[in-house]
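Enquirer: test case, fold it:
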Amino acid sequence: MRHTISVLVENKFGVLSRIAGLFSGRGFNVESLNVAPTMDPFLSQMTIVTSGDDKILEQITKQLNRLINVIKVMDYSEEKDYLQRELVLIKVSAKAEHRAEALRITDIFRAKVVDSSQTHYTIEVTGSSEKVNAIIDMLKPLGIKGIVRTGPVAMVRER
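Expert: Prediction:
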């Protein structure tokens, strides 16, 4: 099972290294990792996507909580109501015969062209991982030249 974990940490040197070391040292896979400062410059928010059963997740959570610079750990899988989004940039071939189709797909997915040339479009898409995967599948026949993905970030909805 796939899990999205939020970790609030002190914004200090070596914290990311210790958390990555925890995962690698215990053989846990990190599917994606995002780190960014919060409104408080002394804190950073990490979003980690990993996979495993409930026992593995419980072990990950306990180990993360033991780290000295970790303030709060939350498994979004336990939350019923949260938002999860991902950002992707897709560079797609823009041959004359495919230009209209690329723009039509971009419009359907409410994406936007952020760069263009005679030979390519770079398309920005924000949304669920399912939406990102769907637009990638639609653009593949046109000739994808490159993809850069952030991985998901998540936040609990206010009730």
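Enquirer: so, low pLDDT: which residues of the chain?
Expert: 78-79 (pLDDT under 70).
Enquirer: which residues in it form helices?
Expert: Ranges of helices in the chain, per DSSP state H, are 15-25, 54-66, 99-108, 129-139.
Enquirer: so which elements touch the longest strand seen in the chain?
Expert: The residue-count maximum for a strand in the chain (DSSP state E) belongs to strand 82-93. With contacts taken as 3 or more CB pairs under 8 Å, 6 or more residues apart in numbering; DSSP states H and E, strand 82-93 sits against strand 120-127, helix 129-139, strand 144-149, strand 153-156. The way it works is simple: take the backbone N, C-alpha and C, and place the C-beta from them, glycine included.
Enquirer: what's the most buried one of the ones you listed?
Expert: For the helices and strands packed on strand 82-93, the largest average neighbour count (mean count of other CB atoms under 10 Å) is found in strand 120-127, namely a mean of 19.
Enquirer: ok so, going back, make a markdown table from the helices of the chain and add distance to residue 146 to it.
Expert: A markdown table is the format used below for the helices of the chain (distance: least, CB to CB, whole Å):
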| stretch | distance to residue 146 |
| --- | --- |
| helix 15-25 | 25 |
| helix 54-66 | 32 |
| helix 99-108 | 14 |
| helix 129-139 | 11 |
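Enquirer: for residue 2, find the nearest of those.
Expert: Nearest of the helices of the chain to residue 2, taken as CB to CB: helix 129-139 at 9.3 Å.
Enquirer: identify the residues contacting the closest one?
Expert: 84, 86, 88, 90, 92, 102, 105, 108-109, 111, 123, 125, 144, 147, 149, 152 (CB atoms under 8 Å, 6 or more residues apart in numbering).
Enquirer: same deal with stretch 101-113?
Expert: Against stretch 101-113 from outside (CB under 8 Å, 6+ apart): 92, 94, 121-127, 131, 134-135, 138-139, 142.
Enquirer: 6 Å - rerun?
Expert: 92, 121, 123-125, 135, 138, 142 (CB atoms under 6 Å, 6 or more residues apart in numbering).
Enquirer: and which of those is nearest residue 157?
Expert: Distances from residue 157 to the contacts of stretch 101-113, taken by CB to CB, are shortest for residue 125, at 22.0 Å.
Enquirer: correct me if wrong: the closest one contacts residue 88.
Expert: Yes: using CB atoms under 6 Å, residue 125 makes contact with residue 88 at a distance of 5.0 Å.
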